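S.K.: give me the fold of what follows.
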Amino acid sequence: MSLYTATRDDRSQPLIRLRDLDVHFGQQRVLRDINLDVARGQTVAVIGESGCGKTVLLKTIIGLIRPSAGKVSFDGRDLAGLNPDELATTRTRFGFVFQQAALFDSMTIGQNVAFPLRRHTDYTEDEVRQIVVTRLAEVGLPTSIVSKKPAELSGGMRKRVGLARALAMDPEVVLYDEPTTGLDPIMSDVINELILSTRRQHPVAGIVVTHDMRTAQKVADRVVMLYPLARLDDDEPQIIYDGLPQDIEDAPDSRVSQFVRGEARDRLMELRQYNGS
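M.R.: Reported below is the predicted structural model:
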């Protein structure tokens, strides 16, 4: 059951388009001249060091942060041109999986997953309950947890509840902010498999912000790597890799290959120079 359909007839157009995107916070520039298209049904992993602007990029795409310059378009419409009601409606076409799940501690699991449905739809309570049970089942969670509170669940289970909530509105895009952070390798792979199964069961695009190269290489059709602006020259692009996951280890840019392999040699040299040692 889909709540919304695409407003454009041309399905070949990118679902998300960023053009010359800049984001500043005061004097601090976080994103610079970002140009990126995400196709319908495509999963893009965004990787890079801490502080390079990955989460800021996600929040700008969904309209939680306004760009300082440039344009964010979704389904052919510039987010900056939407009034508050239109922007709120557009956001319901996104699902957001937060880094720490961001569940409401005072609510039960069922109430957490049902929250967007009760806020944004006129479904009956029976319809809401059915969707909650279905979405929990899709992420491998039993009906018996519906009445539990988040504090009664493990970290991995809370992550899965967060994914179930993100899927509740049958979104066209799911944004994942570090979906495997803090999980052991087995549970991380469970989350990766759930991201893959989400794409198989629902025709969604996905943007996955992650430090975990296993996640990037397993779930993504495409990998984009951002680099911190503080370590770039003014004429260098902030996106230093945009390509297939299987090609990234052989990227000609040494900064990319060192990140993928977890090699700290150049960063240690930078730190020594910074500290004057």
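S.K.: can you give me the strands for the protein?
M.R.: 16-25, 28-38, 43-47, 69-74, 77-78, 94-97, 173-177, 205-209, 222-226, 239-243 (DSSP state E).
S.K.: mean neighbour count and mean pLDDT added to those strands, as a markdown table?
M.R.: C-beta coordinates here come from the backbone N, C-alpha and C atoms, glycine included. Formatted as a markdown table, the strands of the chain follow (neighbours: other C-beta atoms under 10 Å; pLDDT from 0 to 100):
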| stretch | mean neighbour count | mean pLDDT |
| --- | --- | --- |
| strand 16-25 | 17 | 96 |
| strand 28-38 | 18 | 96 |
| strand 43-47 | 24 | 97 |
| strand 69-74 | 18 | 96 |
| strand 77-78 | 13 | 94 |
| strand 94-97 | 24 | 91 |
| strand 173-177 | 24 | 94 |
| strand 205-209 | 25 | 95 |
| strand 222-226 | 23 | 97 |
| strand 239-243 | 16 | 96 |
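S.K.: next, format those strands as JSON lines and append distance to Glu263.
M.R.: Below are the strands of the chain laid out as JSON lines (distance: least, C-beta to C-beta, whole Å):
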{"stretch": "strand 16-25", "distance to Glu263": "29"}
{"stretch": "strand 28-38", "distance to Glu263": "25"}
{"stretch": "strand 43-47", "distance to Glu263": "15"}
{"stretch": "strand 69-74", "distance to Glu263": "33"}
{"stretch": "strand 77-78", "distance to Glu263": "41"}
{"stretch": "strand 94-97", "distance to Glu263": "29"}
{"stretch": "strand 173-177", "distance to Glu263": "25"}
{"stretch": "strand 205-209", "distance to Glu263": "22"}
{"stretch": "strand 222-226", "distance to Glu263": "15"}
{"stretch": "strand 239-243", "distance to Glu263": "15"}
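S.K.: now for those strands, which one comes closest to Ala164?
M.R.: Ranking these by their distance to Ala164 (criterion: C-beta to C-beta) puts strand 94-97 first, at 9.7 Å.
S.K.: could you point out the longest helix of this protein?
M.R.: For the chain, the helix with the greatest residue count under DSSP state H is helix 185-201.
S.K.: dump it to CSV, restricted to CA.
M.R.: Extracted in CSV, the C-alpha atoms of helix 185-201 (Å, rounded to 0.1, in the frame of the first residue of the first chain):
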residue,chain,number,x,y,z
PRO,A,185,29.8,-7.7,13.4
ILE,A,186,27.0,-10.2,13.3
MET,A,187,24.3,-7.7,14.1
SER,A,188,25.9,-5.2,11.7
ASP,A,189,25.4,-7.8,8.9
VAL,A,190,21.8,-8.4,10.0
ILE,A,191,21.2,-4.7,9.5
ASN,A,192,23.0,-4.8,6.1
GLU,A,193,20.7,-7.7,5.1
LEU,A,194,17.7,-5.8,6.2
ILE,A,195,18.7,-2.8,4.1
LEU,A,196,19.0,-5.2,1.1
SER,A,197,15.7,-6.8,1.8
THR,A,198,14.0,-3.4,2.1
ARG,A,199,15.1,-2.6,-1.4
ARG,A,200,13.8,-5.9,-2.7
GLN,A,201,10.4,-5.5,-1.0
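S.K.: so that helix versus strand 43-47, what angle?
M.R.: Computed with axes from the mean of the first three to the mean of the last three C-alpha atoms, to 10 degrees, the direction of helix 185-201 lies at 140 degrees from that of strand 43-47.
S.K.: name the spans of the stretch 1-150 of the chain whose pLDDT lies under the cut-off.
M.R.: Confidence mapping of the stretch 1-150 of the chain against pLDDT under 70 gives the ranges 1-12.
S.K.: if we go to 90?
M.R.: Counting by pLDDT under 90, the stretch 1-150 of the chain shows low-confidence ranges at 1-13, 26-27, 50-51, 97-103.
S.K.: for it, just list every one of the helices.
M.R.: Assigned by DSSP state H, counting those that start in this stretch, the helices in the stretch 1-150 of the chain fall at 54-61, 84-91, 109-120, 125-138.
S.K.: Throw the ones you listed into CSV and include mean neighbour count and distance to Val256, thanks.
M.R.: What follows is the helices of the stretch 1-150 of the chain, written out as CSV (neighbours: other C-beta atoms under 10 Å; distance: least, C-beta to C-beta, whole Å):
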stretch, mean neighbour count, distance to Val256
helix 54-61, 21, 15
helix 84-91, 13, 32
helix 109-120, 19, 37
helix 125-138, 16, 34
